[in-house]
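# structure of the sequence below:
(4 chains)
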There are 2 protein chains.
Amino acid sequence: MSDSSHGGESLLFLTDEQLRKGIEAMYFAYRGFTADPDRILDNYAYGRAHHRAVHFINRNPGTTVNNLLSILGVTKQSLNRVLRTLIADGLVESRVGKRDKRERHLFLTEAGTALEQELSNAQRDRMRDAYRKAGPQAVSGFRQVLEAMMDPDMRRHFNMIKDSN
Amino acid sequence: MSDSSHGGESLLFLTDEQLRKGIEAMYFAYRGFTADPDRILDNYAYGRAHHRAVHFINRNPGTTVNNLLSILGVTKQSLNRVLRTLIADGLVESRVGKRDKRERHLFLTEAGTALEQELSNAQRDRMRDAYRKAGPQAVSGFRQVLEAMMDPDMRRHFNMIKDSN
DNA sequence: TTGGAAAGTCAACAAGACTGACATAAAATC
DNA sequence: GATTTTATGTCAGTCTTGTTGACTTTCCAA
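You can find the predicted model right below:
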């Protein structure tokens, strides 16, 4: 504690007020984060649940239902309802597994990829603007804090998607 | 672009993959962010809507219903249902305005303050841990990016609560 | 005094989460 | 080979939290 400036600083900045502002920043920012996709989804009579499914199927093509389940942290009944409509609407394809025929592997169709693009373009635009305003160093800190805030299970999933960054 | 290292960097780091990882980080971190309060709320048969109401009434004692409405961005019917149960359960007190008797000013009772404490302690603990792991500089960046991500209306609310930081 | 804003209420509805029960097929194990 | 476990799907019902629409009461202000 009596060592260089760093030690003192790391105690001082953790005031109750700082933490509360962090909590509120998280809340308001998340609203912004979801606002653009939500508007788009309204046009398709889909919701956030569909967005999440489409997002992670795109990021992990061929993922099984079970894997998606553990990423999304919902019940299979809940996910199934979403997948059923996406498959019926021709956005997602479900293929029986070759090694294990019990498993279903999920893929986006062309139409599914198109929706994913539309949604993620909007979300990336906002993210890009925020990154630009804040600058590269801020982005690094942003990512560090978010990662530290995750539950270990979610962090595992986070780091497993693609080859990380 | 041919100037010092900074100019090049601010273009390079905004790859599609970086932005997608930012989006996923936001998603997984928000789950962690809400996990602890959600567990506590289960014990009281309350939900996130109750948490939000209690949080912002605590931060802005005496706030009117209308002001709370614009902070939370829900319909008055939705908020009213939540407030009704909180008032009925003795966590929130609604006082008729003195200047304008149509307005109701909202305050936490002792019991309401106790619940707010329990919830925000849990949430601050996680925030504090994340801040400690990431360090002061990361926290600054975290806050900058989040603020840049907000919708202008929300940013206004964010900066209006208390005397900011 | 009348119009409109603020607040509240009632009703109906939808998304999206949940639980529980049950079905089927296939893999794994005994 | 029989049994158990796993993966998935489905039906039914519930809960929270959001929505819209219609309507009332209160009361400030032009």
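# contacts and neighbour counts: CA atoms only from here.
OK.
# SS state for the residue nearest the centre of chain A?
The centre of chain A sits closest to A:R52, judged by C-alpha atoms, centre = their mean, with a distance of 7.0 Å. Following DSSP: H, G, I helix; E, B strand; the rest coil, A:R52 is assigned to helix.
# without its sequence neighbours, what residue ends up closest to it?
A:L72 (7.6 Å; C-alpha to C-alpha, 6 or more residues apart in numbering or on different chains).
# distance check, A:L72 against A:T64.
12 Å (C-alpha to C-alpha, to the nearest Å).
# ditto for A:S94
Taken as C-alpha to C-alpha, the span from A:S94 to A:T64 is 9 Å.
# repeat that for A:I57.
Computed as C-alpha to C-alpha, the A:I57 to A:T64 distance reads 9 Å.
# okay, these two: which has more neighbours?
A:I57 (23 against 20; other C-alpha atoms under 10 Å in any protein chain shown).
# quick one: the more buried one and A:H105 touch, right?
No. Counting by C-alpha atoms under 8 Å, A:I57 sits too far from A:H105 to count as a contact (9.5 Å).
# shared neighbours, those two?
Both A:I57 and A:H105 are contacted by A:T63, under the criterion C-alpha atoms under 8 Å, 6 or more residues apart in numbering or on different chains.
# select the longest helix from chain A.
Counting by DSSP state H, the longest helix found in chain A is helix A:16-42.
# now do that helix, average pLDDT.
Taken as a whole, helix A:16-42 carries a mean pLDDT of 95.
# now swap in stretch A:123-134 and tell me
Computed over stretch A:123-134, the average pLDDT equals 95.
# buried ones in it?
A:Q123, A:R124, A:R126, A:M127, A:R128, A:A130, A:Y131, A:R132, A:K133, A:A134 (16 or more other C-alpha atoms under 10 Å in any protein chain shown).
# now check it, is it near chain B?
Yes. Applying C-alpha under 8 Å from any C-alpha of the partner chain, one finds stretch A:123-134 in contact with chain B at A:Q123, A:R124, A:R126, A:M127, A:R128, A:D129, A:A130, A:Y131, A:R132, A:K133, A:A134.
# among these, which are in helices?
Counting by DSSP H, the residues of stretch A:123-134 next to chain B contribute A:Q123, A:R124, A:R126, A:M127, A:R128, A:D129, A:A130, A:Y131, A:R132, A:K133, A:A134 to helices.
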